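A.B. asks: My questions are about this predicted structure, shown below with the sequence.
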Amino acid sequence: MRRPGVRPVLIVAAVLFGVAVLGAGLLRAALYDPPGTSPVAGPAGPGGGSVGRCGTVPVKATRELRGMWLTTVMNIDWPSRPGLSKERVQAEYLRWLDLAVSMRHNAIFVHVRPSGDAFWDSKYAPWSEWLTGRRDGRSPGWDPMEFMVAEAHARNLEFHAWFNPYRGTQPAPSGPGADFAKLAPGHPLLKHRDWAISYPEGARARLYFDPGIPAARRFVEDAMLEAVQRYDVDGVHFDDFFYPYPEGGGHEFNDDRSFARRADKSQSRGDWRRANVDTLVREMSERIKQLKPWVKFGISPFGIWRNAETDRTGSDTHGLQSYDAIYADTRTWVREGWLDYVVPQLYWAIGFDRADYAKVLPWWSRLVEGTQVQLYVGQGDYRVGEKGPWSRPDQLDRQLTLNDRYAVQGSVHFSAKQIRQDKLGAVSRYRDHHYAAPALLPVMARLPARPPAAPRVVAARTSGGKVELDWQPGPGAEPVSWALYRVDGAAANLVATGRVGSKVVDPSPPAAGASYCLSALDRSGNEGPVSAPRDLSP
């Protein structure tokens with residue numbers, strides 16, 4: 001295994017700790033010492049084809065996922081600090097959802113298993129100390145997961161449960177580190193110490209579940225699937241933490257015992273580790289679909305699979321290679337169709353010499369071409385305000401414009417706190433340029449589809465400067481959400497969406513009145529035919 005050179009590691013040693021917590025791969029790529037094209041347009045971007053007609057004109061809606069990561073570990077985003085009351089935790093969460101709605105997002109990715117813990121009452125993991133403020137495993141006395149999912153759905157936001165499979169603890173002093181005596185009672189690594197690997201050595205150590213032990217792998221799968229079984233989540237989401245990122249100073253991830261027990265003795269350690277991660281990804285994909293076929297499975301990997309200078313099929317980059325460094329063979333996961341979506345973390349500026357956004361993006365676009373795996377991009381909102389290209393407010397705006405040239409079907413922004421801060425006005429800028437109107441989620445052909453019949457608009461009225469419509473579903477499949485279209489010249493454009501049970505409202509109707517049509521959608525975003533037009537005069 002190739003390790004980063006000592007000099008870069010020493011330069012960023014203090015910073016890498018924070019980056020390792022977040023999973024943001026920028027510094028690793030920028031400072032990694034690796035061993036020693038022109039864009040190809042994909043299909044039309046998310047700006048949208050038409051579905052059906054509203055009277056004599058076509059209806060038009062953007063289809064793209066828009067979301068943000070809500071990070072709980074070390075209270076980076078939410079809750080604002082550990083041990084808050086139920087009322088305070090809930091109020092803070094609702095404000096994050098309000099932010100998502102104001103940004104015209106349609107999904108949220110919430111960190112519910114940061115490191116061997118849980119934001120629900122789990123028989124596989126202790127309660128998260130980032131919620132309870134305690135490391136004793138005691139319940140907070142309410143069900144955060146049920147609340148989070150229900151409130152997201154009430155705002156027509158998809159809820160993706162974000163898990164870290166193999167992390168068992170966080171480093172001291174904030175976490176227990178590798179000290180078994182500091183683990184919560186009932187922590188699974190107390191019962192199965194043979195599953196635990198401490199890495200790296202010293203004060204920054206944390207415990208990992210050994211990916212090379214089949215029983216440990218099955219356990220972490222069961223722990224995550226428990227949440228899928230019990231809650232109405234829309235997606236299961238991993239970031240880039242599988243085997244740990246390499247550390248300097250001679251630290252080694254000591255999985256000698258499990259490696260010695262491998263079935264195929266001809267396997268190198270690297271191939272064996274990649275096979276272990278592949279097995280986790282494949283089994284989770286299969287087991288999620290067996291349990292709930294409509295639940296999506298996606299991963300947000302480090303943005304570089306391999307460099308072209310190492311592997312001619314790799315990207316035109318010169319950074320850390322996730323295939324070699326953390327044994328994540330992302331290309332195989334996409335090619336085998338084990339994922340429903342992939343969200344590479346492209347946290348680099350356009351023109352960055354080691355990993356140019358404009359060069360990495362088309363590699364990912366080509367990778368998903370011909371598959372049923374949807375490509376979203378992990379956008380680095382947290383970098384706004386840094387020196388260089390990030391000191392200008394247009395970097396993310398330019399990146400989203402570039403996304404429209406390729407087969408990119410959405411973006412997830414890291415993280416919620418940076419979106420709220422809106423440094424340099426960069427977030428408002430890309431919101432106004434790219435998220436000016438609501439969007440429907442991309443349809444996944446591989447998921448179950450039951451598009452509802454056309455609904456019937458039974459009443460329409462103006463109230464408080466808004467237009468409200470009453471409607472009834474058509475026969476057959478029950479709808480999950482609705483989409484409201486308003487005729488504007490030669491087309492009827494999407495102006496609002498909502499969950500069934502919420503009011504159908506056009507928040508900004510024209511003063512001269514308008515004609516409206518309504519459609520209903522299933523939980524996978526499949527849209528049925530639209531209603532007959534309903535005219536409303538001022």
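C.D. replies: Cool, the structure landed.
A.B. asks: Helices of the stretch 1-150 of the chain, residue ranges please.
C.D. replies: Taking DSSP state H, counting those that start in this stretch to define them, one finds helices in the stretch 1-150 of the chain at 6-11, 13-22, 26-31, 86-102, 129-132, 144-154.
A.B. asks: show me what contacts residue 499?
C.D. replies: The neighbourhood of residue 499, defined by C-beta atoms under 8 Å, 6 or more residues apart in numbering, consists of 153-156, 480-482. C-beta: built from backbone N, CA, C; applies to glycine.
A.B. asks: give me that answer again for 10 Å
C.D. replies: Contacts for residue 499 were tallied using C-beta atoms under 10 Å, 6 or more residues apart in numbering; they are 152-157, 479-482.
A.B. asks: give me the beta-bridge partners of it?
C.D. replies: When assigned by DSSP bridges, residue 499 has beta-bridge partners residue 481.
A.B. asks: Give the buried residues for stretch 180-189.
C.D. replies: Neighbour-count burial for stretch 180-189 flags 183-184, 187-189 (criterion: 16 or more other C-beta atoms under 10 Å).
A.B. asks: pLDDT added to the residues you listed, as a markdown table?
C.D. replies: A markdown table is the format used below for the buried residues of stretch 180-189 (pLDDT from 0 to 100):
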| residue | pLDDT |
| --- | --- |
| 183 | 97 |
| 184 | 96 |
| 187 | 96 |
| 188 | 96 |
| 189 | 98 |
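A.B. asks: Tell me which entries of those residues lie within helices.
C.D. replies: With helices defined by DSSP state H, the entries of the buried residues of stretch 180-189 inside them are 188-189.
A.B. asks: Save the buried residues of stretch 180-189 as CSV, and put in distance to residue 270 too.
C.D. replies: Listed next are the buried residues of stretch 180-189 as CSV, based on distance: C-beta to C-beta, whole Å:
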residue, distance to residue 270
183, 31
184, 34
187, 30
188, 27
189, 25
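A.B. asks: dump the residue contacts of the nearest residue to residue 133 once chain neighbours are set aside.
C.D. replies: Residue nearest to residue 133 in three dimensions, not counting chain neighbours: residue 83, with 2.1 Å by C-beta to C-beta, 6 or more residues apart in numbering. Neighbour list for residue 83: 75, 89, 129-134, 140 [criterion: C-beta under 10 Å, 6+ apart].
A.B. asks: now swap in residue 398 and tell me
C.D. replies: Residue 398 makes contacts with 349-350, 357-358, 389, 392, 430, 433, as judged by C-beta under 10 Å, 6+ apart.
A.B. asks: Columns secondary structure and pLDDT on top of these, output as TSV?
C.D. replies: As requested, those are arranged in TSV below (DSSP: H, G, I helix; E, B strand; the rest coil; pLDDT from 0 to 100):
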residue	secondary structure	pLDDT
349	coil	98
350	coil	98
357	helix	98
358	helix	98
389	helix	98
392	coil	98
430	helix	98
433	helix	98
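A.B. asks: which SSE is residue 258 in?
C.D. replies: helix 256-260 (DSSP states H and E).
A.B. asks: Show me what that helix packs onto, helices and strands only.
C.D. replies: Other helices and strands packing on helix 256-260, by 3 or more C-beta pairs under 10 Å, 6 or more residues apart in numbering; DSSP states H and E, are strand 196-199, helix 269-291.
A.B. asks: ok, and which of those has the densest surroundings?
C.D. replies: strand 196-199 (a mean of 22; mean count of other C-beta atoms under 10 Å).
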